[in-house]
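J.: With the input below, show me the fold.
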Amino acid sequence: MKIIFISVGKAKKPYFKDAAEHYMKRIKSYCRFERVEVKEETYNAGVPLQELLKKEAGRIIGAIGNGVFSVALSENGKQMTSRALAGFIHEFMAGGRSGKKDIAFIVGGPYGLHASVLEVSDMALSLSAMTLPHDMAGVMLAEQVYRAFTIIKGEPYSH
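T.: Below is the predicted model of the structure:
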């Protein structure tokens, strides 16, 4: 099983970047892991936001790959407990879902994801009912995936 984090742009604040990398490094001890950062569009008042998001969407969709179960982060997505996320990931460790063995988690940029990304994704996941900065969402996702592996393995990190 492989986990792929697809995100729009790079973390702008070093503390978000460092925190995300901390958990991503830990994830690598449990599974194959890949981080893909697609180019973030430059936002300005002269170009409609949806047009810019659609350009990002094309790059995101192109990065997903075949045979990968895609999970787009969205405030309107399904909420899960940490244990439910662990169960979801464990399914893929045990053979996959719908013939797909790898998981791609998709984090949008500062303005979220274009609707086309949500349409092609296999699942939408919400980390919170509140709107989060995209850099913080990346950190929270990495921490929760790491926590899921500790739950699966019965390790003491998660209580």
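J.: Mind naming the longest strand for the protein?
T.: strand 68-79 (DSSP state E).
J.: what packs against it?
T.: strand 102-107, helix 115-120, strand 123-126 (3 or more Cβ pairs under 8 Å, 6 or more residues apart in numbering; DSSP states H and E). The way it works is simple: take the backbone N, C-alpha and C, and place the C-beta from them, glycine included.
J.: contact partners of the last one?
T.: Put plainly, it is strand 123-126. 69-80, 105, 118 (Cβ atoms under 8 Å, 6 or more residues apart in numbering).
J.: how far out from the middle of the chain is that strand?
T.: Here the centre of strand 123-126 is set off from its chain's centre by 9 Å, with Cα atoms, centre = their mean, to the nearest Å.
J.: Give me the next element, helix or strand, following it.
T.: helix 134-153 (DSSP states H and E).
J.: circling back to that earlier point, which pair in the contacts of strand 123-126 spans the largest distance?
T.: Using Cβ to Cβ, the contacts of strand 123-126 reach their maximum pairwise distance at Phe69 and Glu75, which is 20.6 Å.
J.: does the residue of the chain positioned farthest from its centre sit in a helix, a strand or a coil?
T.: Residue farthest from the centre of the chain, counting by Cα atoms, centre = their mean, is Gly46 at 29.7 Å. Following DSSP: H, G, I helix; E, B strand; the rest coil, the label given to Gly46 is coil.
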